[in-house]
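1. quick check, what structure comes out for this input:
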Amino acid sequence: MSGLSEKIKKFKRGYIQLISAVLYNCHFTGFLSGRIYKGEAKRICAPGLNCYSCPGAVLSCPLGSFQNSLSSSAYRFPLYILGTLLLSGILFGRAICSFLCPFGFFQELIHKIPTPKIKKSRVTRFFSYLKYVILLLLVVLVPLWIHEPGFCKYICPAGTLEAGIPLVIMNDMIRGKVGALFFIKVAVLVVTMVLCIFCYRAFCRFICPLGAIYGFFNPVSFWGIKTDKDKCTDCGVCVRKCEMDIKCAGDGECISCGDCVKSCPAGAISSTNSRLNYIQTLE
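-> Sure thing, here's the model as predicted:
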């Protein structure tokens, strides 16, 4: 019975992921016309990674908006976008990666392809720090120095999948301007997809700078994973059960999927609004 309830819980998370992906990209006529929606809703940033240029996107990508703001002005700091990131991070932390990111949902789907899987190790843990380097170099320094959205322009496989490929297929004008950079980004996408088939959420773990940003908020976010230190026996079951490169439940690598909650033999781990419950116990 416990196995059935765990499957139901995972199904619910997948259902939320699917709904968020549809809501982010509900400009369905864009997929038919090959034109980008530029209405008032685009002033609002979605919490998860979702390319602005996707034909169906009705919201902006917080990461892309942040880079564009930094690159377009050397004198004005993007306070609105920073505020959006802060609010999302404080409320949800990396639970956004687990529940509200369309590309995270895509990664989990292709990981279900039956193949031998790469197990996490010291090597994967080491590469999990790469996303913080990418955050500093391509999301902050390149926009400030070269005035280009470095991550979006040169790497982002989500943008290639959601926007680049569909627009090239549907829009004759864009197809005529395709150059070497597009094919390089398609190659990055293919490599990322292959890696995600063999390695759980490889993009989230090793590359995504948005996940790196939200990871900073995990210790203080209202929605997330909390460990009761008084109950914890340091058995390490939660770390072994988790497919992310966590050192402990709820740290910066945790995406708050909740798999560790039922696996904890001491019942020391809780999820959802655990931060709110914890604050109430202190009052």
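2. counting neighbours, what do you get for Trp223?
-> 19 (other Cβ atoms under 10 Å). C-betas here are computed from N, CA, C, even on glycine.
3. which residue, other than its chain neighbours, is closest to it?
-> In this structure, Trp223 finds its nearest non-sequential neighbour in Phe92, 4.8 Å apart by Cβ to Cβ, 6 or more residues apart in numbering.
4. so, low pLDDT: which residues of this structure?
-> Residues of the chain that meet the criterion pLDDT under 70 lie in 1-11, 73-76, 272-283.
5. which stretches in it count as strands?
-> In the chain, the strands defined using DSSP state E lie at 226-227, 269-270.
6. tell me which of those is the most buried.
-> The highest average neighbour count among the strands of the chain, using mean count of other Cβ atoms under 10 Å, belongs to strand 269-270 at a mean of 22.
7. how far off centre is that one?
-> 22 Å (Cα atoms, centre = their mean, to the nearest Å).
8. quick one, what contacts the closest residue to Lys231 other than its chain neighbours?
-> Spatial nearest neighbour of Lys231, chain neighbours left out: Ala268 (3.7 Å); criterion: Cβ to Cβ, 6+ apart. Contact analysis of Ala268 by Cβ atoms under 8 Å, 6 or more residues apart in numbering lists Thr227, Asp228, Lys229, Asp230, Lys231, Cys232, Thr233.
9. measure Ala268 to Thr227 for me?
-> With distances taken as Cβ to Cβ, to the nearest Å, Ala268 is found 6 Å from Thr227.
10. okay, Leu87 and Gly56: tell me how far apart.
-> According to Cβ to Cβ, Leu87 and Gly56 sit 25 Å apart.
11. show me which of those two is the more surrounded one.
-> A count of neighbours by other Cβ under 10 Å puts Gly56 above the other of Leu87 and Gly56, at 21 against 12.
12. contacting residues for the more buried one?
-> If you count contacts by Cβ under 8 Å, 6+ apart, Gly56 has them with Tyr24, Asn25, Cys26, His27, Phe28, Gly30, Phe31, Tyr37.
13. and what of Gln17?
-> Contacts for Gln17 (Cβ under 8 Å, 6+ apart) come out as Phe99, Leu100, Cys101, Pro102, Gly104, Phe105, Glu108.
14. among the residues you listed, which are in helices?
-> Per DSSP state H, helices hold the following members of the contacts of Gln17: Phe99, Pro102, Gly104, Phe105, Glu108.
15. what sits against the closest residue to Thr233 other than its chain neighbours?
-> Spatial nearest neighbour of Thr233, chain neighbours left out: Ala266 (5.1 Å); criterion: Cβ to Cβ, 6+ apart. Neighbouring residues of Ala266 by Cβ under 8 Å, 6+ apart: Lys231, Cys232, Thr233, Cys235.
16. out of those residues, which one sits closest to Val142?
-> Set against Val142, the nearest of the contacts of Ala266 by Cβ to Cβ is Cys232 (41.4 Å).
17. count of residues packed around that closest one?
-> Neighbours around Cys232, by other Cβ under 10 Å: 16.
18. what does Glu148 give?
-> Glu148 has 16 nearby residues by other Cβ under 10 Å.
19. quick check on it: phi, psi?
-> With angles defined as degrees, to the nearest 10, Glu148 sits at phi -140, psi 140.
20. how much space between it and Pro166?
-> As defined by Cβ to Cβ, Glu148 lies at a distance of 23 Å from Pro166.
21. with Ile44 instead?
-> From Ile44 to Pro166 the distance is 22 Å (Cβ to Cβ).
22. quick one: which of the two has more around it?
-> Neighbours of Ile44 and Pro166, each counted by other Cβ under 10 Å, are more numerous for Pro166; the result is 20 against 12.
23. and stretch 134-144, how far apart are its ends?
-> The straight-line separation of the ends of stretch 134-144 (Cα to Cα, to the nearest Å) is 14 Å.
24. one more: stretch 161-169?
-> This stretch, stretch 161-169, spans 12 Å end to end (Cα to Cα).
25. which ones are touching the one residue sitting closest to the centre of the chain?
-> A centroid search over the chain (Cα atoms, centre = their mean) returns Cys97, at 3.9 Å, as the residue closest to the centre. Applying Cβ under 8 Å, 6+ apart, we find Cys97 in contact with Gly48, Gly104, Cys204, Cys208, Leu210, Gly211, Tyr214, Ile255.
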